[in-house]
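1. Got a sequence here, can you model it:
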Amino acid sequence: MAVNRAFLVAARELRETIQDTRFVYTTVVTGLALPVFYAYISMSTVRALPTGVASTMFPVWFLLSSILPASFSMQLALASFVGEKENRTIEPLLAAPMSNRELFVGKVISSFIPPLVLVAIVQAVFLGASFGFARLKYRMPFSPDLAVIGRTALLVPLVILFMVACAVLISARSTSMRSAQQVGAFINLPIIFLVVYKAPQILDIMGKSAPDVLAVGVAVNILLLRIGIRLFNRESILTQIG
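-> Reported below is the predicted structural model:
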C-alpha cells in the first residue's frame, strides 16, 4: 500500500472538514462548553465524597468527558462515503489511481483525526477547568493521579478508532445517510454505553494491566481495519450510484 496516496485522500477530506462551518461550531461548543460542565459536576461530586472515593471518581469523569464528545464526530465517518454518494462527488475519487486499501485507509484517517483533536482539546479544558473549580471555587487541593489520567488518555484513541472504522465501513455499504446513521447508532451507542456504564471497572483493569489492555485494543483495531479493507469494494459503490 502506498501510504502517501492514503494520506492524500485524508488531506482532501480534512480540508473539506475544516471548511465546514457546522463542524467548526460543533467542535468549539463541544470542546469548550461540555468539558467545563463536566469539570463543574466532577468537582462538585468529588467535594462531597470521602477522599478515597473522590480519587476514584475523578478519572471516571475524565474518561466520560473524553468519550462522549467524540461521539459527535462520528457523523464525519458515517458521511465519509454515503455523503459523497448523495452529493454525487464520489465518482472522481473512485476513479483515482489507488487501491481499495488506500482509499479505505485514507477515509479512516480523515475521520479519525478530527475527533482525536477534539478529544485532546476536551481533555485539556477539562483538566484546566477542574483545577480552576477546585482551587478557586471550592478552595481544595487538586492532585489527580497522573498515571491513571495517562492510561485513560491512551485508551480513548483506541476506542475512537474502533468506532470510526466501523462507521466508515457502514458508510461504504449504505445507500443513504439515514440508513448509515441508523446502523451506526445500533453499533456505536452500545459501545459508548458500555464505556460509560463500566468506566470504573475499565479503569481498574487498566490500573492492573494497562499494557495488556492497550495491546488487545491495538490488535482489535488492526483486525477490524483488515476486515474493513477486505469488505470494501469500490465497484459495488459505483453500481449503487450508476
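2. So which residues of this protein form helices?
-> In the chain, the helices defined using DSSP state H lie at 3-19, 21-48, 51-70, 74-78, 82-87, 91-94, 100-132, 146-173, 177-197, 199-231, 234-241.
3. most neighbours per residue, which of those?
-> Highest mean neighbour count among these (mean count of other CB atoms under 10 Å): helix 74-78, with a mean of 25. Backbone N, C-alpha and C define where each C-beta goes, glycine included.
4. Output the contacting helices and strands for it.
-> Packing partners of helix 74-78 (3 or more CB pairs under 8 Å, 6 or more residues apart in numbering; DSSP states H and E): helix 100-132, helix 146-173, helix 177-197.
5. related to what we said a few turns ago, which one of the helices of the chain lies nearest to residue 140?
-> Residue 140 lies closest to helix 21-48 among the helices of the chain, at 6.4 Å (CB to CB).
6. Tell me what angle that closest one forms with helix 51-70.
-> 170 degrees (axes from the mean of the first three to the mean of the last three CA atoms, to 10 degrees).
7. Quick one: mean pLDDT for helix 21-48?
-> In this model, helix 21-48 has an average pLDDT of 81.
8. That helix versus helix 100-132: what angle between them?
-> Computed by the same axes, to 10 degrees, the angle separating helix 21-48 from helix 100-132 equals 40 degrees.
9. quick one on the thing from earlier: right, and the helices and strands packed on helix 74-78 - which one's nearest residue 42?
-> Minimum separation from residue 42 across the helices and strands packed on helix 74-78 (CB to CB) falls at helix 100-132, 6.0 Å.
10. helices or strands up against that closest one?
-> When contacts are defined as 3+ CB pairs under 8 Å, 6+ apart, helix 100-132 sits against helix 3-19, helix 21-48, helix 51-70, helix 74-78, helix 146-173, helix 199-231.
11. Out of those helices, point me to the one whose mean pLDDT is lowest.
-> Of all the helices and strands packed on helix 100-132, helix 51-70 carries the lowest average pLDDT, namely a mean of 77.
12. Using CSV, list the CA coordinates for that helix.
-> Extracted in CSV, the C-alpha atoms of helix 51-70 (Å, rounded to 0.1, in the frame of the first residue of the first chain):
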residue,chain,number,x,y,z
THR,A,51,-11.1,11.3,49.9
GLY,A,52,-10.7,7.6,48.8
VAL,A,53,-13.9,7.6,46.8
ALA,A,54,-13.1,11.0,45.3
SER,A,55,-9.8,9.9,44.0
THR,A,56,-11.6,7.0,42.2
MET,A,57,-14.4,9.1,40.7
PHE,A,58,-12.3,11.9,39.1
PRO,A,59,-10.7,9.5,36.5
VAL,A,60,-14.2,8.2,35.7
TRP,A,61,-15.3,11.8,34.9
PHE,A,62,-12.2,12.3,32.9
LEU,A,63,-13.0,9.2,30.8
LEU,A,64,-16.6,10.2,30.3
SER,A,65,-15.6,13.8,29.3
SER,A,66,-13.3,12.2,26.7
ILE,A,67,-15.6,9.6,25.2
LEU,A,68,-19.0,11.4,24.9
PRO,A,69,-17.8,14.4,22.8
ALA,A,70,-16.1,12.1,20.4
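13. Outside of that helix itself, list whatever touches it.
-> Residues outside helix 51-70 that contact it (CB atoms under 8 Å, 6 or more residues apart in numbering): 30-31, 34-35, 38-39, 41-42, 45-47, 49, 115, 118-119, 122-123, 126-127, 130, 144-145, 148-149, 152-153, 155-156, 159-160, 163, 192, 195-196, 199-200, 202-203.
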